[in-house]
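> Quick one, fold the following:
(one chain, ligands or ions: 1)
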Amino acid sequence: MSTTILLFRQDLRLHDHPALTAAAQRGDVLPVFIYDEQVAGEWGFGGASQWWLHESLTSLSASIESLGGHLLLRRGSTVETLIELQASTQADAIYFSRQYQPWSAGLEASINAEFTERNVEVKRYPGTLLHEPGSVLTGSGTSFKVFTPFWRAANKLTVAMPVSLPDVSWVVTAASTDALVDWQLQPSAQDHMPDWADGWSALWKPGEDGAKEALDAFLEAPVAHYSEGRDLPAKRYTSRLSPHLKFGEISPRQVWAAAQQRKLSAPQWSSAIDKFLAEIGWREFCYQLIDLFDEMPNTPFKDQFAAFPWDNSEAQLKAWQKGQTGYPIVDAGMRELWQTGFMHNRVRMIVASFLTKHLLVHWVEGERWFWDCLLDADIASNACSWQWVAGSGADAAPYFRIFNPIAQGQKFDPEGDYVRRWCPELAELPKKFIHAPWEAPALTLASAGVELGTNYPTPIVDHKTARQGALDAYEVIKKAS
Ligand SMILES: Cc1cc2nc3c(=O)[nH]c(=O)nc-3n(C[C@H](O)[C@H](O)[C@H](O)COP(=O)(O)OP(=O)(O)OC[C@H]3O[C@@H](n4cnc5c(N)ncnc54)[C@H](O)[C@@H]3O)c2cc1C
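Numbers count the residues shown, from 1 in each chain. Okay, here's the model as predicted:
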């Protein structure tokens, strides 16, 4: 009987898992997850992602146990661990889902080289994207660098239907397994560490069941409001699927198939559902860009931005990270991020623009902070989005489009509910002043209990001056290009 090692990666699910299905068809399956802290270098899992990983592995382990198997957990080098496991189990194949982080191709090539030599079959399968990078191409066979034509071309391709959970004959081996808690992925498992994730279990349900519940709940009703509502951070009109997709607890094909079904049962919502699917398209687009340019997490896509005159003030970066800039919508977003591991997309754009343009801090600093704090921290979407906002990306917003944090707040949080929630010290301010407290008369501030400079900061930069500073900085590289 053949035995296949099924290496789980960021595909922590059992349904629509082509590698698992192929392994099950071949014979016995030994499921393994290896926590390899070295492979990604500086882009190893950030703090929030580690929290999610722990929860997601707990859920996957329980699902496999309930089917009679046992997920083997190991910490260390992926290749060395696989060598040891293959030798001890005499497995004759290793299957896994293909991944597209800049370090993944090298890892996959090493596994392939190591085991081909030992006559062990190595195969990788799709399952992370709707379309493999390189399959959505222009008429002349090149990659798209602009989203709209990319997505138009992608929509002409067929999306394969999800595959269902196979019947698996699991191998239960005597090989040793780690106790997940020993990896200390969660702050509560670490001595002297404040539990910054306290309460997250009430907000999120990591794992395959949680992913399905999030998708079902979203398609049940909120999707109807998606087209306009997706920009309102005080409302719950987006899917919150991003951490589930990042860890592969649900596949984009499953999302796609469920959305198409919903269009049939609620045809009046079709255009909102297509808008939602276009955002899944952005995820695809980010992956095809990083496949094209694997230095995207650290290097500007547009060369001219390499010479951008950043200011990089440490004090201003800290104020931004802590949600103490004096601009309520920015501070609310940064506090939502710290307290929940998530930030609404509209606010991500506002805070990213503020950091890179108002404060002239390099986008990589923001990218790193997001990497550590976001539950959905994803190498392609994060890098692509930061470069989009900063102006250096492939299909970036024009540089001169500098978000005005006051106007953005007034437009997308008109009642101030989002700011009131995350900046409670401003909760009593009337909505007229909620996005610009410094404009409120002294009496209004006093009756709302706001003491600018004491319990809420005065703005760390003046909007108009900072905007002009950003445009002047851009002139430097505009001339150089
Ligand atoms: C500066 C910045 C950094 C970001 N970093 C990340 C990141 O690390 N990981 C991440 O998943 N998203 C990132 N995004 C994109 C976006 O903010 C999140 O995907 C979205 O807010 C997740 O919420 P949701 O699941 O409710 O999204 P929905 O609106 O319900 O969208 C559905 C799915 O589409 C994908 N998606 C939506 N918008 C985008 C987008 N602009 N780019 C790529 N994919 C998108 C996500 O997988 C999301 O779950 C970033 C955006 C900005 C502006």
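
> Return the distance of H358 relative to the ligand.
According to CB to the nearest ligand atom, to the nearest Å, H358 stands 15 Å off from the ligand. From N, CA and C alone the C-beta is placed, and that goes for glycine too.

> so that residue touches Q468, yeah?
No - the criterion here is CB atoms under 8 Å, and H358 misses it with Q468 at 10.7 Å.

> Please identify which of the two sits among more neighbours.
Per other CB atoms under 10 Å, whichever of H358 and Q468 has more neighbours is H358, with 27 against 12.

> Tell me which residues touch the more buried one, please.
402, 405, 461, 463, 466-467, 470 (CB atoms under 8 Å, 6 or more residues apart in numbering).

> and if we set it to 6 Å?
461, 466 (CB atoms under 6 Å, 6 or more residues apart in numbering).

> For the host helix or strand of C286, buried residues please.
Under the criterion of DSSP states H and E, C286 resides in helix 270-292. Across helix 270-292, burial judged by 16 or more other CB atoms under 10 Å covers 272-273, 276-278, 280-292.

> Check stretch 467-481 too.
467, 469-470, 473-474, 477.

> now stretch 323-330
323-330.

> And that stretch, end to end?
7 Å (CA to CA, to the nearest Å).

> repeat for stretch 6-24
9 Å.

> Does the helix holding C286 reach the ligand?
Yes - contact between helix 270-292 and the ligand, assessed by CB under 6 Å from any ligand atom, occurs at 279-280, 282-283, 286.

> Are there helices or strands packed against that helix, and which ones?
helix 147-154, helix 226-229, helix 252-265, helix 379-390 (3 or more CB pairs under 6 Å, 6 or more residues apart in numbering; DSSP states H and E).

> Strands along the stretch 1-150 of the chain, start to end?
Assigned by DSSP state E, counting those that start in this stretch, the stretch 1-150 of the chain shows strands spanning 3-8, 28-35, 72-75, 93-97, 121-125.

> So in that sheet, which strands flank the first one, and in what orientation?
For strand 3-8, the paired strands and their directions (DSSP bridges) read strand 28-35 (parallel), strand 93-97 (parallel).

> mind checking how far the first one is from the chain centre?
It stands for strand 28-35. Between the centre of strand 28-35 and the centre of its chain there are 24 Å (CA atoms, centre = their mean, to the nearest Å).

> List the buried residues in stretch 83-97.
Buried residues in stretch 83-97 (16+ other CB under 10 Å): 83, 85-86, 89, 91-97.

> Kindly identify which of the residues you listed also come near the ligand.
Okay, of the buried residues of stretch 83-97, nothing touches the ligand (CB under 6 Å from any ligand atom).

> residue contacts, the closest residue in space to P300 that isn't next to it in sequence?
Nearest-residue entry for P300: S392, 3.6 Å, with adjacent residues in sequence omitted and distances by CB to CB, 6 or more residues apart in numbering. Applying CB under 6 Å, 6+ apart to S392 gives the contacts 300-302, 305.

> go on, H244?
Going by CB under 6 Å, 6+ apart, the list of residues near H244 reads 211, 250.

> So for it, what pLDDT did the model give?
At H244, the model reports a pLDDT of 98.

> how about the helix or strand containing it, does it get close to the ligand?
H244 belongs to helix 242-246 when elements are defined using DSSP H and E. Yes - contact of helix 242-246 with the ligand (CB under 6 Å from any ligand atom) involves 242, 245-246.

> Export that helix to CSV, keeping only CA atoms.
Extracted in CSV, the C-alpha atoms of helix 242-246 (Å, rounded to 0.1, in the frame of the first residue of the first chain):
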residue,chain,number,x,y,z
SER,A,242,-9.5,37.7,4.7
PRO,A,243,-7.8,35.7,7.6
HIS,A,244,-9.7,32.6,6.5
LEU,A,245,-8.4,33.0,3.0
LYS,A,246,-4.9,33.8,4.1
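
> what distance separates that helix from the middle of the whole chain?
Its chain's C-alpha centre and that of helix 242-246 lie 6 Å apart, by CA atoms, centre = their mean.
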